[in-house]
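Engineer: Sequence below, structure please.
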Amino acid sequence: MPIPPPPPPPPGPPPPPTFSQANTEPPKLSREEQRGRGALLQDICKGTKLKKAAATVLARLRSSPKEASSKVASPSSDP
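Structural biologist: Take a look at the predicted model:
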């Protein structure tokens, strides 16, 4: 007996809403939610400042002149 074909795939998701159907009003937040968002934004800003400072320090370290004493001597093949 032949095997029956598999069932068709499920239909795709519905199309996204148009701009006329989109929510254009900002959400109404309580004072506690507003404080939480403000604190989160401050934490994000502090983090980006730290990363930029670290990148600046690394750039300075890379561009600084190398010391002659930091050279590593290679081992000789003499017994």
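Engineer: all contacts plus neighbour counts: C-alpha atoms, from now on.
Structural biologist: Noted.
Engineer: Distance of residue 18 relative to residue 11?
Structural biologist: For residue 18, the distance to residue 11 equals 20 Å [Cα to Cα, to the nearest Å].
Engineer: Which residue ranges of the chain form helices?
Structural biologist: Ranges of helices in the chain, per DSSP state H, are 31-63.
Engineer: what about it, any weak spots by pLDDT?
Structural biologist: Within the chain, the segments meeting pLDDT under 70 span 48-55, 64-79.
Engineer: Could you rerun that using 90?
Structural biologist: Along the chain, the model assigns pLDDT under 90 to residues 1-2, 15-29, 33-34, 36-79.
Engineer: what about stretch 23-34, how long is it end to end?
Structural biologist: 20 Å.
Engineer: for stretch 1-10, that is, sorry about that
Structural biologist: 27 Å.
Engineer: And for residue 61, the neighbour number?
Structural biologist: By the measure other Cα atoms under 10 Å, the count of residues near residue 61 is 11.
Engineer: for residue 43, same thing?
Structural biologist: Residues near residue 43, counting by other Cα under 10 Å, number 12.
Engineer: separation between it and residue 37?
Structural biologist: 10 Å.
Engineer: Please tell me how far residue 43 sits from residue 61.
Structural biologist: Distance, residue 43 to residue 61, using Cα to Cα: 27 Å.
Engineer: correction: residue 45
Structural biologist: According to Cα to Cα, residue 45 and residue 61 sit 25 Å apart.
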